[in-house]
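Participant: From the sequence below, what's the structure:
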Amino acid sequence: MTTLLVLYRRPDGGAEAQAIFERRYAAEHRVTEAIGGETDLILAASMRFDDRAALDAGLASDSMRQAGRNLREIAPGLATFLVVEDVPEMVAAASPSVDTVGSAVEDRP
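Facilitator: Coordinates of the predicted model:
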């Protein structure tokens, strides 16, 4: 499995800028806290694909290009995109209750 994990930093401009961002982004993947300290992360999105080829196809789709244009408008420079590949040895060793991709952030469907 391949996951595209997107982390969004707090925008400059204080509470008003953040409120505008949250209204424009459907705030369903909110970061509720950081373990061990403060963070400027406010949202996270996790998109799972069967493999890297499926991720690449998804990124090339018209819908994803439209989402990218919207993201550049509402959150310029605030998002970090990470491609996370499952490592079979780690998945096999992990407890069944541990999500090796989303355990650091709240992941809602």
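Participant: pLDDT value on the nearest residue to residue 51 once chain neighbours are set aside, please?
Facilitator: Once flanking residues are discounted, residue 51 sits nearest to residue 2: 5.6 Å by Cβ to Cβ, 6 or more residues apart in numbering. Placement of C-beta: from N, CA and C, glycine included. The per-residue pLDDT reported for residue 2 equals 86.
Participant: same thing with residue 73?
Facilitator: We note a pLDDT of 89 for residue 73 in this prediction.
Participant: Which other helices and strands does the helix or strand harbouring it contact?
Facilitator: Residue 73 is part of helix 62-74 when elements are defined by DSSP states H and E. Under the contact criterion of 3 or more Cβ pairs under 8 Å, 6 or more residues apart in numbering; DSSP states H and E, helix 62-74 touches helix 14-24.
Participant: Show me where this protein dips below the pLDDT cut-off.
Facilitator: Low-confidence segments of the chain (pLDDT under 70): 26-29, 31, 89-109.
Participant: Pull out the buried residues from the helix holding residue 73.
Facilitator: Buried residues in helix 62-74, counted by 16 or more other Cβ atoms under 10 Å: 71, 74.
Participant: Next, the angle from it to helix 14-24.
Facilitator: Put simply, helix 62-74 runs at 160 degrees to helix 14-24, going by axes from the mean of the first three to the mean of the last three Cα atoms, to 10 degrees.
Participant: any idea which helix or strand comes after helix 62-74?
Facilitator: Heading C-terminal from helix 62-74, the first helix or strand you meet, by DSSP H and E, is strand 79-85.
Participant: And the contacts of that next one?
Facilitator: Outside of strand 79-85, the residues within contact range by Cβ atoms under 8 Å, 6 or more residues apart in numbering are 1-9, 52, 55, 71, 101.
Participant: List the contacts of the helix holding residue 73.
Facilitator: Helix 62-74 has contacts (Cβ under 8 Å, 6+ apart) with 20-21, 24-25, 58, 79.
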